[in-house]
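Participant: what follows is a predicted structure for the sequence shown.
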Amino acid sequence: MSVVEQVRERSAGLADREPDEPLDDLRPLAAMVGDARVVALGAASRGTRELAVLAHRVVRLLVEERGFRSVALEGDDPVRLGLAAHVTTGEGDPRRMLAGARPFLRTEEVLALVHWMRARNARHPGDPVRFAEIPERPARGDGLAGLERDLADNVDWWRERSGDRIVYWGGMAHTAVGDPLTLTQDAFVGTHRTMGAHLRERLGDGYRSIGLTLGRGTAGVTLPAPDAGFAGAVLGRAAAGRAGYVLDLREEHPEPLRAWLGSPARTRLVGPSYDPARDAAFHLSGGALRDWFDAVVHTEEVTSARFL
C-alpha cells in the first residue's frame with residue numbers, strides 16, 4: 001500500500017460545513033487533544049475562508065465539549081481592539097473594531113467567531129469564553145527568535161493568569177514544533193526555534209500542535225497545485241474527493257507512511273509576500289511532519305477570505 005493510500009485509509013473525513021453546523025465530523029480531533037492545556041491551530045494561510053471556518057469550528061468543539069475557555073488570536077491585541085470587552089459585555093460594534101486590526105483579521109470569518117463568542121457568553125454569563133490578553137512589555141530586539149519567545153511567553157502569562165485551557169489560532173510558522181524550523185519566503189530564509197517548540201518544552205504533552213494544510217484554490221491570489229516536493233502534494237492526492245480530513249500523527253502508523261511522516265518535509269506557507277509564480281520558494285522546512293504537528297487537518301479546495 002502506498003503512502004497516499006495509507007493516508008486515505010487512516011484519516012477521518014471532514015464535511016464541508018459552516019461554523020454553526022454539527023461538529024460530529026471533528027470529534028476524532030477532540031480525542032487527539034486529550035488533556036492538553038494549549039491547542040494551537042496553525043494555518044498554512046490566514047487568507048482563506050475554509051481554514052478560518054475550520055478554525056472556528058474547532059474553537060466551538062473545544063469550548064463546547066472540552067472545556068476550553070480562552071481564544072488566543074495571533075497577530076493583534078483583542079484588548080486594544082475592544083474585542084475582549086465586547087465578547088463579555090456586548091459593548092461596541094465588533095465590525096468597527098476589526099477595521100482597526102491587522103489586515104488578515106479584517107474578515108467576515110473572524111467577525112463570525114466574535115459574534116459566536118458573544119452569543120455564547122450571553123447564554124452563559126457565569127462561564128464566559130474570553131480572548132486571551134497580552135501583557136504590556138517591550139518586545140525583544142533579536143528578530144524572529146525573539147518574536148517566537150514573546151509569543152510563547154504571552155501564552156504562558158495568560159494561561160497562568162486565567163487558569164484557562166487555551167485555543168491558539170495563528171500561523172503554522174509559529175505554532176509548529178520547530179526546534180529549529182526554517183522559514184523560506186522567496187529570498188528570505190530564516191532558521192529559528194518556534195513558539196511551538198518553546199511551549200512543547202514547557203508544557204510537554206500539554207501543548208498540542210495542529211497543522212491546517214491546504215491544497216489548491218485562492219487565497220487572495222490563485223494557488224497552483226502544491227509543488228511535487230511539498231507534503232501537500234501527497235496530502236492532496238489522499239483527499240480523494242473529500243472536502244478534508246484529520247490525520248493523527250501520534251499514532252503508530254505502518255510503513256511506508258511511518259517513514260514518510262518522519263522524513264524531512266517541506267510544506268507550503270502562503271504569507272503576505274507569497275507569489276504563486278514562485279510557489280516552491282514559500283515553505284517551511286528543517287523537520288518532519290511528525291515533529292511539527294500532533295495532527296494534520298487537510299483542506300483540499302480553498303477560497304479567499306471575505307474581507308470586511
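Facilitator: Cool, got the structure. Residues are numbered from 1 along each chain as shown.

Participant: going forward, measure contacts and count neighbours with C-alpha atoms only.
Facilitator: Noted.

Participant: residue ranges in the stretch 101-250 of the chain under the pLDDT threshold?
Facilitator: By pLDDT under 70, the low-scoring segments of the stretch 101-250 of the chain are 139-141.

Participant: show me where it has strands.
Facilitator: Counting by DSSP state E, counting those that start in this stretch, the stretch 101-250 of the chain has strands at residues 130-131, 166-171, 181-185, 188-192, 207-218, 222-223, 244-248.

Participant: those into a markdown table, with extra columns for mean neighbour count?
Facilitator: Formatted as a markdown table, those follow (neighbours: other Cα atoms under 10 Å):
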| stretch | mean neighbour count |
| --- | --- |
| strand 130-131 | 26 |
| strand 166-171 | 24 |
| strand 181-185 | 21 |
| strand 188-192 | 14 |
| strand 207-218 | 24 |
| strand 222-223 | 18 |
| strand 244-248 | 24 |
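
Participant: how about those in JSON lines, adding distance to N121?
Facilitator: Formatted as JSON lines, the strands of the stretch 101-250 of the chain follow (distance: least, Cα to Cα, whole Å):
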{"stretch": "strand 130-131", "distance to N121": "9"}
{"stretch": "strand 166-171", "distance to N121": "16"}
{"stretch": "strand 181-185", "distance to N121": "38"}
{"stretch": "strand 188-192", "distance to N121": "39"}
{"stretch": "strand 207-218", "distance to N121": "26"}
{"stretch": "strand 222-223", "distance to N121": "38"}
{"stretch": "strand 244-248", "distance to N121": "29"}
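
Participant: so L212 sits against L51, correct?
Facilitator: Yes - using Cα atoms under 8 Å, L212 is in contact with L51, at 6.9 Å.

Participant: please export the C-alpha coordinates of the lengthiest helix in the chain as PDB.
Facilitator: In the chain, with assignment by DSSP state H, the single longest helix is helix 143-162. This file holds the C-alpha atoms of helix 143-162, laid out as PDB (Å, rounded to 0.1, in the frame of the first residue of the first chain):
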ATOM      1  CA  GLY A 143      14.400  39.200  15.300                       C
ATOM      2  CA  LEU A 144      12.300  36.100  14.700                       C
ATOM      3  CA  ALA A 145      13.900  34.200  17.600                       C
ATOM      4  CA  GLY A 146      12.800  36.900  20.000                       C
ATOM      5  CA  LEU A 147       9.300  37.100  18.500                       C
ATOM      6  CA  GLU A 148       8.800  33.400  19.000                       C
ATOM      7  CA  ARG A 149       9.800  33.600  22.600                       C
ATOM      8  CA  ASP A 150       7.500  36.600  23.100                       C
ATOM      9  CA  LEU A 151       4.600  34.600  21.600                       C
ATOM     10  CA  ALA A 152       5.300  31.700  23.900                       C
ATOM     11  CA  ASP A 153       5.700  33.900  26.900                       C
ATOM     12  CA  ASN A 154       2.400  35.700  26.200                       C
ATOM     13  CA  VAL A 155       0.500  32.300  26.100                       C
ATOM     14  CA  ASP A 156       2.200  31.200  29.300                       C
ATOM     15  CA  TRP A 157       1.400  34.500  31.000                       C
ATOM     16  CA  TRP A 158      -2.300  34.300  30.100                       C
ATOM     17  CA  ARG A 159      -2.500  30.600  31.000                       C
ATOM     18  CA  GLU A 160      -1.100  31.200  34.500                       C
ATOM     19  CA  ARG A 161      -3.200  34.400  35.000                       C
ATOM     20  CA  SER A 162      -6.500  32.900  33.800                       C
END
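
Participant: many thanks, I have nothing further to ask.
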